[in-house]
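> Return a 3D structure for these sequence lines:
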Amino acid sequence: MAQRSHTSREAGGPGPWGLPRDFWLLWAAAAVSGIGDGLELSAFPLLAAYWTRDPVLVSAASVAAQAPWLLLGLPAGGLVDRWDRKAVLLAADGCRALLVAALAVAVVFDAGSIGLLLVVLFALGTAQIFFDTSVQAVIPAVAGPGALVRANSLLQGSSTVLVQFAGPAVGAALFAVAHWLPAGIDAVSYLLGVVLLSRVRGRFRPSLAGPSRLAGPSRLAGPSRPARPERTGSSRHGVAEGLRWLRGDPVIRVLSLATVLLGMGSAAAWGVMVLFARHRWHLDGTGYGLLLTASALGSVAGSLVAAPLARRLPERLLLTGSAAGSATAFGLLTLAPTAAAAAALLAVNGLMVVVWNVVTVSERQARVPDALTGRVTAAYRVLAWGSMPLGGLLGGALASALGLYTAVLTAALLLALAALLVGVGRAPLSGGFAPAAREPAG
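Reported below is the predicted structural model:
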């Protein structure tokens, strides 16, 4: 049985919702870092437009923030499986604090440029890869095997509220007051994340123990002494091992393929949604913003109901139902007579997406051996993120050639295929992520 990451001391007694102190410190650190991410979503595009009117350079700001996942996601996962993951989290937030603080100083002294912003965004995206991958690898150790769905629901909920709701609105308001202010407060949020993470007890080195084969589930073990991380002959070999495990495990392989379909379908629909909303319901920018708000509200609801649903429903039914629910919502969107009906459907879609995310992340954490968690997580996320640009291009091409309705219906079809792929699978799922029998402490 493979052991997962553990701390050198206990993670603390049960706290709110039965989760230990160290989980809440990790959650709070991720939340305050999420505030910074939300500020960046609105303030940095505004800063790009302040420094240049070239639409190519302005759009390059978005690409610079996302490109690291495709270029560096896999090797970053391999490094996370070699290093102490708490140290990675501290370094990632520390680097982000320094980067945005330097950007704020450049703005104050009028020494910035679009080139500087692109470099900072690429570096921030790189740090975020290490942060996000390490957080997912540490959660099983600080939350415990029986609370994965609950823990991931809380993380999804705080991310939705802070990154999608509060952060962008506050970032735009701060930018209107002073162009340097969003980056300055962004730096403070990351520094606060460093303080909170430093209070998490123990170390989180990948365990030396590994799976007896490259496929098949592994369960969580109890705490033991810190072990040195597994060493592989080369970084490239380590990345390949994670890819082989992902391909060899029947459940994670199917969930990866389904996530690719969901990513493509969602991106295809959202890529043309602003045009569809204008054509179908004659909405202006404010009206379209309300549709986005409805979707985000559904996401918040999804983070609240995911754990109770996972306790009451078979996991395969929950996953199939959430994918099928999203497909149905987008399909009915083409028939929605009013913008209010469309908002309700997009709220349903937001709920279903979060339920899918919470359950699939928890399933992955329950199955993947600790020594491979970073690599498998990074490979999974590279597939998910990489499918979105393809879906966006597909949606735009279909809308141009065959019309907006065809693009949205094709998106619904891709989501329905994801539901079918999971529904007909035969490999057993973890079934509620119940805690496994604990091994004695070393």
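
> for Asp186, what are its contacts?
Residues in contact with Asp186 (CB atoms under 8 Å, 6 or more residues apart in numbering) are Gly36, Leu39, Glu40, Ala43, Val100, Ala104. Using the backbone N, CA and C atoms, a C-beta is placed for each residue, glycine as well.

> change it to 6 Å
Residues in contact with Asp186, defined by CB atoms under 6 Å, 6 or more residues apart in numbering, are Gly36, Leu39, Val100.

> Then Leu417?
Leu261.

> how far is stretch 314-323 from where the chain is centred?
20 Å (CA atoms, centre = their mean, to the nearest Å).

> Pull out the buried positions in stretch 113-132.
Of all the residues in stretch 113-132, those buried under the rule 16 or more other CB atoms under 10 Å are 114, 116-118, 120-132.

> meant to ask about stretch 257-273
258-273.

> what's the closest of these to Leu402?
Val272 (11.4 Å; CB to CB).

> contacting residues for the closest one?
Val272 makes contact with Gly395, Ala399, Leu404, Ala407, according to CB under 6 Å, 6+ apart.

> The third one: what's its closest spatial neighbour, skipping adjacent residues?
What that stands for is Leu404. Phe276 (4.8 Å; CB to CB, 6 or more residues apart in numbering).

> how close does that neighbour get to Gln156?
26 Å (CB to CB, to the nearest Å).

> More neighbours: these two, which one.
Phe276 (25 against 22; other CB atoms under 10 Å).

> does that one sit in a helix, a strand or a coil?
In three-state terms, and counting by DSSP: H, G, I helix; E, B strand; the rest coil, Phe276 is helix.

> distance of it from Val194?
Distance of Phe276 to Val194, given as CB to CB: 43 Å.

> mind giving me the domain ranges of this protein?
Following automatic domain parsing, the chain resolves into domains at 16-209, 237-423.

> Neighbours of Ala397, how many?
As a burial measure, Ala397 scores 13 neighbours (other CB under 10 Å).

> Shouldn't it be within a helix?
Yes - per three-state DSSP, Ala397 lies within a helix segment.

> would Gly263 count as being in a helix?
Yes - applying three-state DSSP, one finds Gly263 inside a helix.

> Give me the secondary structure label for the residue lying closest to Leu257 once chain neighbours are set aside.
Leaving aside its sequence neighbours, Leu257 sits nearest to Leu421 (CB to CB, 6+ apart; 6.1 Å). Following three-state DSSP, we place Leu421 in the helix state.

> can I get the domains of the chain in TSV with mean pLDDT?
Below are the domains of the chain laid out as TSV (pLDDT from 0 to 100):
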stretch	mean pLDDT
domain 16-209	84
domain 237-423	85
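
> Closest to the centroid, which residue in the chain?
Asp132 (7.1 Å; CA atoms, centre = their mean).

> State the helix or strand in which that residue lies.
Element membership for Asp132, per DSSP states H and E: helix 114-143.

> after that helix, next one along is what?
helix 148-159.

> For that following helix, list the C-alpha coordinates in PDB.
In PDB, the C-alpha atoms belonging to helix 148-159 read as follows (Å, rounded to 0.1, in the frame of the first residue of the first chain):
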ATOM      1  CA  LEU A 148     -11.600  14.600   0.700                       C
ATOM      2  CA  VAL A 149     -14.900  15.700  -0.800                       C
ATOM      3  CA  ARG A 150     -15.600  18.000   2.100                       C
ATOM      4  CA  ALA A 151     -12.200  19.600   1.800                       C
ATOM      5  CA  ASN A 152     -12.300  20.000  -1.900                       C
ATOM      6  CA  SER A 153     -15.800  21.500  -1.700                       C
ATOM      7  CA  LEU A 154     -14.500  24.200   0.600                       C
ATOM      8  CA  LEU A 155     -11.600  25.000  -1.600                       C
ATOM      9  CA  GLN A 156     -13.900  25.200  -4.700                       C
ATOM     10  CA  GLY A 157     -16.300  27.400  -2.900                       C
ATOM     11  CA  SER A 158     -13.800  29.900  -1.700                       C
ATOM     12  CA  SER A 159     -12.100  30.000  -5.100                       C
END
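
> who touches that helix?
27, 31, 34, 139, 143, 303, 306-307, 310, 354, 358, 361-362, 365, 433.

> got it, and stretch 315-323?
Leu309, Met352, Val355, Trp356, Val359, Leu415, Ala418, Ala419, Val422, Gly423, Leu429, Gly431.

> how about the first one, what does it touch?
For Leu309, the contact set (CB under 6 Å, 6+ apart) comprises Leu318.

> if you set the cut-off to 10 Å instead, what comes out?
Counting by CB atoms under 10 Å, 6 or more residues apart in numbering, Leu309 touches Val149, Ser153, Gly302, Glu315, Leu317, Leu318, Gly321, Ser322, Val355, Val358, Val359.

> Of the residues you listed, select the buried ones using a ChimeraX command.
Buried residues within the contacts of Leu309, by 16+ other CB under 10 Å, are selected in ChimeraX with:
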select :149,153,302,315,318,321,322,355,358,359
